[in-house]
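S.K.: Next come a sequence and a model predicted from it.
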Amino acid sequence: VRASTVDACQHESPCQHASKCLSTDQGPICECDNTGYKGIFCEQESPISEAVFRGREGVKYDLNHIGGEPIITSVDKISLYFKTRKSSGLLFYNGHGSDYLLIHLKDGGVSLTINQRSGKLDTQVKPSGEPFNDNVWHQVTV
């Protein structure tokens with residue numbers, strides 16, 4: 001409940017880079033999510049995090065330990081960038097038992113496998129020209 005009826009975002013938003021302006025009693029607040037920027041008015045470029053994995057290295061992000069919910073709606077998505085010279089390798093895996101989601105490189109193409117009690121989906125994207133193991137950044141979104 002707000003004490004004021006003045007909308008600080010109505011006439012001129014201080015928020016930059018297509019961020020969302022939220023009007024509060026303390027003034028406007030800028031929501032910088034998914035803009036690539038940070039700061040009070042989303043004015044500072046946010047550096048991209050990069051991790052390098054060699055061999056059998058990887059990262060584990062367990063939603064169970066932070067109270068996270070499973071991905072269950074059509075608007076949930078997983079997105080990652082990769083570059084490699086290897087034609088085959090694991091890009092992403094999340095699952096428990098026979099229910100899992102797997103994204104990997106196979107012969108220079110990106111393969112997706114989703115296995116659930118309701119069935120299994122296997123699909124692959126393999127460019128006709130240059131394969132994905134060209135040491136150039138590529139984005140995968142599921």
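M.R.: Looks like it came in fine.
S.K.: what about the residue lying closest to Lys106 once chain neighbours are set aside, neighbour count?
M.R.: Spatial nearest neighbour of Lys106, excluding adjacent residues (CB to CB, 6 or more residues apart in numbering): Ser88 at 5.5 Å. Yep, even glycine has a C-beta here, placed from its N, CA and C like the rest. For Ser88, the neighbour count with other CB atoms under 10 Å is 13.
S.K.: Test my guess that Ser88 contacts His104.
M.R.: Yes: assessed by CB atoms under 8 Å, Ser88 is found in contact with His104 at 7.3 Å.
S.K.: where in this protein is pLDDT low?
M.R.: 1-4, 49, 60-76 (pLDDT under 70).
S.K.: quick one: contacts for the residue nearest to Lys106?
M.R.: The neighbourhood of Ser88, defined by CB atoms under 8 Å, 6 or more residues apart in numbering, consists of 104-107.
S.K.: Pipe those into a markdown table and attach distance to Ile78 and secondary structure per row.
M.R.: Formatted as a markdown table, the contacts of Ser88 follow (distance: CB to CB, whole Å; DSSP: H, G, I helix; E, B strand; the rest coil):
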| residue | distance to Ile78 | secondary structure |
| --- | --- | --- |
| His104 | 13 | strand |
| Leu105 | 16 | strand |
| Lys106 | 18 | strand |
| Asp107 | 22 | coil |
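S.K.: for those residues, which one is nearest Gln124?
M.R.: Lys106 (6.6 Å; CB to CB).
S.K.: so what's that closest one bridging to?
M.R.: Lys106 forms beta bridges with Gly109, as assigned by DSSP bridges.
S.K.: so how far is Leu90 from the residue nearest the centre of the chain?
M.R.: The centroid of the chain falls nearest to Ser79 when counting by CA atoms, centre = their mean (3.6 Å). Distance, Ser79 to Leu90, using CB to CB, to the nearest Å: 17 Å.
S.K.: phi, psi of Tyr93?
M.R.: phi -140, psi 130 (degrees, to the nearest 10).
S.K.: Please tell me how far it sits from Val59.
M.R.: 11 Å.
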